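Enquirer: give me the fold of what follows.
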Amino acid sequence: MIAKRIIPCLDVRDGRVVKGINFAGIKDVASPVELAKKYDQAGADELVFYDITASAENRGLFTDILQAVAKQVFIPLTVGGGINTVDDFDRVLKCGADKVSVNSGAIKNPQLIADGAQRYGSQCVVLSVDVKKVADKWHVFTKGGREDTGINALTWIKQGEKLGAGELVINSMDTDGVKTGFDLDLLQAVADISQLPIVASGGAGSKVDFYQLFQNPRIDAGLAASIFHYDEIPIPVLKQYLLEKNIPIRN
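Expert: Reported below is the predicted structural model:
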């Protein structure tokens, strides 16, 4: 079994890290620069930075904040929000990103995945998918979870993999912020149809949730926000717990 990754997520709006429940009820948390430094020192394996209103506001990602965050971390940094062109890839990579997360922009123009992979390599292209169950089917949502595309999530994931995405981030809107565990059914369905590394997002509320998540050998990483932001589960404590449970974790 490959070593699992623990990844904090910075959802950034107006220069501040925020967090909500089910993609709603957004509340202020902290400075992204301060949190980035904290997570780098705490032993996070990677960090994700999302400008969560860039797509909805039809603007580019705020690169000044990204640059300040990138200066604080020496771990891989994935960046998303308002990525609509290959030039956007270039812009965020020059600001310090290691990987670029595409979501709404790729749905509008799937060729963006292929173009990004061709120029920068598949390992640089992360397909982030916001998923919610609608009438017993998983739909893809865009614009920070505001808009139901009606697209079947599993169909879209298969298409993204074929186009050249190198990694998946599966954001379950149904479990986001609820802290009752990851959406294991959704993640298994994704694992059944894709060979890409899978980062699970949405629902982490306890150390046991990560242990249950990693019982699926196809899940490569667990991503969480509020439990780390509020020190409910310090990253070193979580890693030690998982090691004691014989889950291989990056050191």
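
Enquirer: from the contact counts, what lies against the helix or strand in which A191 is found?
Expert: Secondary structure assignment for A191, by DSSP states H and E: helix 184-193. Packing partners of helix 184-193 (3 or more CB pairs under 8 Å, 6 or more residues apart in numbering; DSSP states H and E): helix 153-163, strand 167-172, strand 198-201, helix 207-213. No exception for glycine: its C-beta is placed from N, CA and C like everyone else's.

Enquirer: ok, the spatially most central residue of the chain - contacts?
Expert: Closest residue to the average C-alpha location of the chain: V169 at 4.8 Å, with CA atoms, centre = their mean. For V169, the contact set (CB atoms under 8 Å, 6 or more residues apart in numbering) comprises V48, T78, S101, V126, L127, S128, V129, V199, S201, L223.

Enquirer: could these go into JSON lines alongside distance to L93, pLDDT and secondary structure?
Expert: Shown next, in JSON lines, are the contacts of V169 (distance: CB to CB, whole Å; pLDDT from 0 to 100; DSSP: H, G, I helix; E, B strand; the rest coil):
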{"residue": "V48", "distance to L93": "15", "pLDDT": "97", "secondary structure": "strand"}
{"residue": "T78", "distance to L93": "11", "pLDDT": "97", "secondary structure": "strand"}
{"residue": "S101", "distance to L93": "12", "pLDDT": "97", "secondary structure": "strand"}
{"residue": "V126", "distance to L93": "12", "pLDDT": "98", "secondary structure": "strand"}
{"residue": "L127", "distance to L93": "17", "pLDDT": "98", "secondary structure": "strand"}
{"residue": "S128", "distance to L93": "16", "pLDDT": "97", "secondary structure": "strand"}
{"residue": "V129", "distance to L93": "21", "pLDDT": "97", "secondary structure": "strand"}
{"residue": "V199", "distance to L93": "19", "pLDDT": "98", "secondary structure": "strand"}
{"residue": "S201", "distance to L93": "22", "pLDDT": "97", "secondary structure": "strand"}
{"residue": "L223", "distance to L93": "21", "pLDDT": "98", "secondary structure": "strand"}
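
Enquirer: which stretches of this protein form helices?
Expert: Counting by DSSP state H, the chain has these helices, from start to end: 32-42, 63-70, 86-94, 104-108, 111-120, 153-163, 184-193, 207-213, 226-229, 235-244.

Enquirer: do you know how far N109 is from I235?
Expert: Applying CB to CB, to the nearest Å, the value for N109 to I235 is 36 Å.

Enquirer: thank you, goodbye.
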